[in-house]
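Chemist: Provide a 3D model corresponding to the input given below.
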Amino acid sequence: MRSSFKSSFGSQSTHRPHKMGYFSSRILPSEPSHFTKLYFDIAPGQLPIVYRDEYNVHFLGLEKLHPFDAAKWGHIFQYLKEAGVIDETAVVKPNEASDEDLSVVHTRQYLDSLKWSWNVAAIAEIPPLAVVPNFLVQSSYLRPMRFQTGGSVLAGKLAVEWGWAVNLGGGFHHCSAGRGQGFCPYADITLLVRCLLAHSPAVKRAMIVDLDAHQGNGHELDLGSCRNVYILDVYNSGIFPQDFKAKAGISRNVELRHYTQDDEYLNAVEENLEAALQEFHPDILVYNAGTDILEGDSLGLLSVSAEGIIRRDELVFTKARDHRVPIVMLTSGGYQKRTARIIADSILNLFNKGLISRTNRNVR
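Modeler: Next up, the predicted model:
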């Protein structure tokens, strides 16, 4: 049974013991047989930081109707480039996820539904898209999302090889096999995990640490019943999606209140992440590092400072290093224009603290 308790800092935490036989008997199997072309070896001098210009979304100006910074990923890259961390030759450019790749996770019915603009408009939360010809929707929105999905899968492989990797995009945690929502059209986290379990001999068990302000209901629906996948989700329980069916798939559930601030938030993350890593020993840590926890975010409704976000990312990477677990970071949600700078500053901090480096230091 679930055991609920109030932690010392007041947020509601629910823990489901991750034991043999507690979940359904399903272990995510060694499939798909399809060997993805999203995996490839990177060149000497490149870092496991994944990005390409095609990540950025352009809707003929319609993207301005959404609070999301549709060029966030390009802005992160530019800030890192200005800081001298990466340039066009050092960053790894992923391939676009193909229909065959996406079919590993998604139903045919769901993929076909994306051929209708009104379905995509609902997922992107931009109603005017419903009347835009679908070929434009494909090229302006879905194709960038397929590149970001490919980036997440590739970053997972690179994390196993390097000990760390960062996809400057991805983290579409509201999308599941048969449903997209919340600006998330493809289930990149599910695909990342399934590809690693199928194709990486070093990965038998995966942990998802979802620290976006919103519940990660997509991967929870897809993977929550799998004994070799552990999900820690720390989120504001008073906002979208409030998916109670998906919640059953969370291994360690931490629910925050509106306007939670730095100290309470960071204590919740540290206490529960350490407990999760003591309970479950993963071969990969998939870190969904949403920045919509930032104070002033009208959708996340939390009150964590920019400094708090940087401390959070440092904390997660430190825990992964201390437990000798490779970590892959996805940037996920973040609905203010200043979040790109914060993400770049956080990555710089990880370099400065030696938590990521230019040297391949496989932790296994």
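Chemist: any idea how many residues pack against residue 204?
Modeler: Using other C-beta atoms under 10 Å, residue 204 has 15 other residues around it. Heads up, the C-betas are built off the backbone N, CA and C, glycines and all.
Chemist: show me what contacts the residue nearest to it when sequence neighbours are not counted?
Modeler: Distances taken as C-beta to C-beta, 6 or more residues apart in numbering place residue 283 nearest to residue 204, at 5.7 Å, with adjacent residues excluded. Counting by C-beta atoms under 8 Å, 6 or more residues apart in numbering, residue 283 makes contact with 160, 202, 203, 204, 205, 206, 325, 326, 364.
Chemist: what's the most distant pair in those residues?
Modeler: Greatest spacing in these, by C-beta to C-beta: 206 and 364 (14.1 Å).
Chemist: give me the more crowded residue out of these two.
Modeler: With neighbours defined as other C-beta under 10 Å, residue 206 and residue 364 compare such that residue 206 has more, 26 against 11.
Chemist: how near is the more buried one to residue 179?
Modeler: Distance of residue 206 to residue 179, given as C-beta to C-beta, to the nearest Å: 22 Å.
Chemist: and if you look at residue 355?
Modeler: Taking C-beta to C-beta, one finds residue 355 at 35 Å from residue 179.
Chemist: residue 134 too?
Modeler: Residue 134 is 19 Å from residue 179, by C-beta to C-beta.
Chemist: helix, strand, or coil at the nearest residue to residue 276 once chain neighbours are set aside?
Modeler: Nearest residue to residue 276 in three dimensions, chain neighbours excluded: residue 232, at 4.7 Å (C-beta to C-beta, 6+ apart). Under DSSP: H, G, I helix; E, B strand; the rest coil, the three-state class of residue 232 is strand.
Chemist: quickly list what residue 232 is bridged to.
Modeler: Beta-bridge partners of residue 232, counted by DSSP bridges, are residue 209, residue 252.
Chemist: now do the contacts for residue 269.
Modeler: Counted by C-beta under 8 Å, 6+ apart, residue 269 has contacts 211, 234, 254, 312, 315, 316.
Chemist: now the buried members of these.
Modeler: By neighbour count, with 16 or more other C-beta atoms under 10 Å, the contacts of residue 269 hold 211, 234, 254, 312, 315, 316 as buried.
Chemist: surely the third one and residue 13 touch.
Modeler: Right, the one you point to is residue 254. Yes: the pair residue 254 / residue 13 is scored as a contact, 4.7 Å apart, by C-beta atoms under 8 Å.
Chemist: show me where the protein has its helices.
Modeler: 72-82, 99-103, 108-113, 117-124, 134-137, 143-162, 188-199, 217-223, 244-247, 262-279, 306-322, 339-352 (DSSP state H).
Chemist: buried ones in the last one, by neighbour count?
Modeler: Right, helix 339-352. Across helix 339-352, burial judged by 16+ other C-beta under 10 Å covers 339, 340, 342, 343, 344, 345, 346, 347, 348, 349, 350.
Chemist: the fourth one too?
Modeler: Residues of helix 117-124 classed as buried by neighbour count (16+ other C-beta under 10 Å): 117, 119, 120, 121, 123, 124.
Chemist: closest to residue 198 out of these?
Modeler: residue 123 (26.6 Å).
Chemist: OK, contacts around that closest one?
Modeler: Counted by C-beta under 8 Å, 6+ apart, residue 123 has contacts 175, 180, 181, 182, 183, 184, 185.
Chemist: give me the distance between the second one and residue 107.
Modeler: Read it as residue 180. Distance from residue 180 to residue 107, by C-beta to C-beta: 11 Å.
Chemist: the more surrounded of these two?
Modeler: residue 180 (24 against 13).
Chemist: residue contacts, that one?
Modeler: 110, 114, 123, 172, 174, 186.
Chemist: go on, residue 170?
Modeler: Applying C-beta under 8 Å, 6+ apart, the residues near residue 170 are 148, 149, 151, 152, 155, 188, 189, 330, 331, 332.
Chemist: just to check, the fifth one is in contact with residue 330?
Modeler: Yes: between residue 155 and residue 330 a contact is recorded at 7.4 Å, counting by C-beta under 8 Å.
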